[in-house]
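S.K.: how would this look folded up:
(one chain, ligands or ions: 1)
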Amino acid sequence: MKIAIGCDHGGFKLKSELIKFLKRSNHTVKDFGSFTDESCDYPIFSYEVSKAVSCGRFKRGVLICKTGIGMAIAANKVNGVRAAVIHDLESAVSSREHNDCNVIVFGSRFIKQKKAKEILKAWFKARALKGRHRRRVGQMKKIEMEKRFSGGR
Ligand code: RB5
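M.R.: Numbering: from 1, shown residues only. As a prediction, this is how the structure comes out:
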């Protein structure tokens, strides 16, 4: 799978480990930075990864900051992105099955490397469900369309 990944200084260490893991698992990974653990601004990296997923160049995105919160808020501003902060297996699977989540966000303060890898594995494997779940995702897409035609409000 083609995966876009990004972080701020708070996620740099975990990102480096996850890139190795994803490559070993035969995924194609593009690193959108940050490339050091020096203080930087999470919206910049969130936006780059989110655009890459939104335009279809990458199937999924992975974002990491200290809490996951800022990255997720910024990512969800981009049309076509459904980002969720995930720290447990059940939410990971549910985010795919119920919400067709395409960007997963970790908070490095709250998750261990081993758990993040287990979560990624489960998240990639889980499929978006049809029926009422697809209908609800469709309703979210409709909100995005309305937003476009109302000048973004
Ligand atoms: C950086 O200090 C921190 O604010 C950032 O990593 C993230 O947790 C924001 O939501």
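S.K.: got any ranges where the protein has weak pLDDT?
M.R.: For the chain, the stretches with pLDDT under 70 are 152-153.
S.K.: Tell me the residues of it that contact the ligand?
M.R.: Where the chain comes near the ligand, counting by Cβ under 6 Å from any ligand atom, the residues are 8, 10, 42, 65-67, 69-70. Bear in mind the C-beta positions are built from the backbone N, C-alpha and C, glycine included.
S.K.: ok, and the most crowded of these?
M.R.: Using other Cβ atoms under 10 Å as the neighbour test, these are led by residue 65, with 31 neighbours.
S.K.: gap between residue 78 and residue 61?
M.R.: According to Cβ to Cβ, to the nearest Å, residue 78 stands 10 Å off from residue 61.
S.K.: swap in residue 28?
M.R.: Where residue 61 is concerned, residue 28 sits at a distance of 13 Å (Cβ to Cβ).
S.K.: So between these two, which is more surrounded?
M.R.: residue 61 (28 against 12).
S.K.: In this structure, spot the helix with the most residues.
M.R.: helix 132-149 (DSSP state H).
S.K.: For that helix, list every residue counted as buried.
M.R.: Within helix 132-149, the residues scored as buried using 16 or more other Cβ atoms under 10 Å are 133, 137.
S.K.: Show me what it is in contact with.
M.R.: 79-80, 82, 97-100, 128, 153 (Cβ atoms under 8 Å, 6 or more residues apart in numbering).
S.K.: so which residue of this structure comes closest to the ligand?
M.R.: Here the residue of the chain nearest the ligand is residue 70; by Cβ to the nearest ligand atom that distance is 2.6 Å.
S.K.: so who does the residue nearest the centre of the chain touch?
M.R.: Geometric centre of the chain, nearest residue: residue 103, 2.1 Å, by Cα atoms, centre = their mean. By Cβ under 8 Å, 6+ apart, residue 103 lies in contact with 49-50, 53, 60-63, 72, 75, 81-84.
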